[in-house]
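J.: Structure here, sequence nowhere to be found:
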């Protein structure tokens with residue numbers, strides 16, 4: 001890294017700090033400074049110029065220690081960038097490309113990418129046509145996603161938002177996708193737990209963690225999602241599909257509000273700066289499905305997270321992000337406390353482009369399940385009045401309970417698509433009739449799906465074009481499937497690979 005004196009000699013310009021409102025500093029001098037240019041202080045600290053007005057420069061400092069008034073500063077003639085390359089795979093870094101744990105053996109890439117770039121125009125994009133499987137049955141069947149989609153994950157604190165994303169990362173890595181997890185202003189213990197989970201699941205070598213802790217400078221925390229997006233764009237340009245998780249943008253907005261208030265920007269609604277919508281849209285518009293000269297198309301799928309309070313998703317930041325993204329998965333605290341995992345509220349969740357990626361079979365299953373669950377909820381309401389129920393109504397209520405039981409899923413477990421289709425078909429046709437039978441059979445079928453013999457059988461059953469043929473195939477192979485019931489003593493959660 002060039003020192004202060006080397007950069008001063010190279011650029012021939014310096015300024016002096018005349019006011020400090022940490023982590024914002026105000027500088028006189030530097031007549032040729034550019035927005036987003038990296039500044040170097042004589043104390044060795046780094047910063048970024050973000051506003052120039054009447055010969056005065058406002059800069060954000062990346063270090064936790066404040067700058068002293070009178071400190072000299074010089075330009076580096078480099079815009080804020082992050083090192084990118086395959087060396088990042090398996091690493092946990094901060095937005096400047098430095099390892100979070102300094103004791104880790106890490107070779108910093110030589111190639112760099114600017115963090116703040118213009119999103120690609122519409123001429124560079126193509127229609128989203130490939131499904132993005134999350135490994136979570138409820139989402140894959142009811143709220144399907146597409147590769148290149150931007151899907152918001154919204155919910156109260158501690159309702160399982162990160163758990164859904166961890167399952168999705170695990171599934172997508174086994175599909176050959178590079179995953180980038182951006183932890184924005186997290187506790188150090190939370191970052192460590194997430195890192196240990198991915199190491200245990202053996203997917204860490206195909207993902208990058210870009211994270212900042214709540215102890216870091218707000219300026220550094222603010223750059224976290226932009227750094228992660230730049231890493232995703234590098235892999236996109238290599239022709240590799242990427243999945244980007246931004247956890248979470250409500251924290252990002254709070255730190256941006258802090259920076260803006262310290263810089264004496266005029267506050268808007270809820271004291272957030274007036275350009276908060278632009279700040280997030282400029283970031284999220286960089287995701288999508290893009291043309292590629294060699295691989296025809298390649299995607300950056302983005303799943304930002306926003307935290308709400310007491311189920312109120314009419315808040316300023318959450319409604320902004322709903323307007324920017326292609327739908328949202330709403331995790332309801334009431335459903336969570338009823339014991340449902342994942343606690344997804346299906347009627348209030350939206351996917352705007354996911355259904356266009358479905359084949360005919362998946363579309364029919366989605367339509368059938370949606371109409372059935374609407375009727376199930378209506379029948380449940382009627383049954384509360386204590387009316388005499390017919391056998392048909394009792395049967396449908398039991399099927400609805402079994403479907404909800406099948407939707408319950410621990411985040412360590414990913415369910416292959418063919419297993420999802422087979423079990424749903426068995427429930428709807430009455431082949432599975434009790435919750436105990438469902439649990440034992442589910443674990444047995446999932447376990448069998450990773451053997452070559454049964455993988456071929458399951459593929460033959462589900463490789464069809466319509467729901468009727470799928471149901472017929474399930475009935476024909478009913479005896480084979482029922483033999484896979486796993487004894488209760490073996491029904492521990494499977495640490496499985498995704499199909």
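T.: Arrived safely, thanks for sending. This structure is a prediction, so every number in the text was calculated from the model and none was measured.

J.: quick one: low-confidence parts of the chain?
T.: For the chain, the stretches flagged by pLDDT under 70 are 1, 385-387, 486-499.

J.: any idea which element residue 165 lies in?
T.: Using DSSP states H and E, residue 165 maps to helix 161-174.

J.: Partner strands of whichever helix or strand comes after that helix, with direction?
T.: Sequence-wise, the next helix or strand downstream of helix 161-174 (DSSP H and E) is strand 178-186. Strand 178-186 pairs in its sheet with strand 207-213 (parallel), strand 242-247 (parallel), by DSSP bridges.

J.: circling back: does anything pack onto the helix holding residue 165? Which helices or strands?
T.: strand 152-156, strand 178-186, helix 188-200, strand 242-247, strand 296-308, strand 327-331 (3 or more CB pairs under 8 Å, 6 or more residues apart in numbering; DSSP states H and E). Where C-beta positions appear, they are placed from N, C-alpha and C, glycine not excepted.

J.: Need the ones you listed in a markdown table (columns: mean neighbour count and distance to residue 455).
T.: Output for the helices and strands packed on helix 161-174, formatted as a markdown table (neighbours: other CB atoms under 10 Å; distance: least, CB to CB, whole Å):
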| stretch | mean neighbour count | distance to residue 455 |
| --- | --- | --- |
| strand 152-156 | 26 | 31 |
| strand 178-186 | 25 | 24 |
| helix 188-200 | 15 | 24 |
| strand 242-247 | 28 | 24 |
| strand 296-308 | 23 | 26 |
| strand 327-331 | 25 | 29 |
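
J.: got those as JSON lines, with distance to residue 316 columns?
T.: Formatted as JSON lines, the helices and strands packed on helix 161-174 follow (distance: least, CB to CB, whole Å):
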{"stretch": "strand 152-156", "distance to residue 316": "13"}
{"stretch": "strand 178-186", "distance to residue 316": "18"}
{"stretch": "helix 188-200", "distance to residue 316": "25"}
{"stretch": "strand 242-247", "distance to residue 316": "18"}
{"stretch": "strand 296-308", "distance to residue 316": "11"}
{"stretch": "strand 327-331", "distance to residue 316": "15"}
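
J.: out of the ones you listed, which comes closest to residue 86?
T.: Nearest of the helices and strands packed on helix 161-174 to residue 86, taken as CB to CB: strand 178-186 at 9.6 Å.

J.: now the closest one, how far from the centre of its chain.
T.: Centroid separation between strand 178-186 and its chain, computed with CA atoms, centre = their mean, to the nearest Å, is 8 Å.

J.: which residues touch it?
T.: 89, 165, 169, 172-173, 190-191, 194, 203, 206-214, 216, 221, 224-225, 227-228, 231-232, 235, 240-249, 251-252, 255 (CB atoms under 8 Å, 6 or more residues apart in numbering).

J.: which among the residues you listed end up buried?
T.: Buried subset of the contacts of strand 178-186 (neighbour count, 16 or more other CB atoms under 10 Å): 165, 169, 172-173, 191, 194, 203, 206-213, 216, 221, 224-225, 227-228, 231-232, 235, 240-249, 251-252, 255.

J.: all strands for the stretch 1-150 of the chain, in order.
T.: 14-21, 24-29, 37-41, 46-53, 56-61, 72-79, 81-83, 92-93, 112-114, 131-132, 145-146 (DSSP state E, counting those that start in this stretch).

J.: Please tabulate these in a markdown table, including the columns distance to residue 403 and mean neighbour count.
T.: What follows is those, written out as a markdown table (distance: least, CB to CB, whole Å; neighbours: other CB atoms under 10 Å):
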| stretch | distance to residue 403 | mean neighbour count |
| --- | --- | --- |
| strand 14-21 | 56 | 17 |
| strand 24-29 | 54 | 21 |
| strand 37-41 | 54 | 23 |
| strand 46-53 | 51 | 19 |
| strand 56-61 | 50 | 23 |
| strand 72-79 | 52 | 20 |
| strand 81-83 | 45 | 21 |
| strand 92-93 | 39 | 23 |
| strand 112-114 | 45 | 17 |
| strand 131-132 | 21 | 23 |
| strand 145-146 | 20 | 26 |
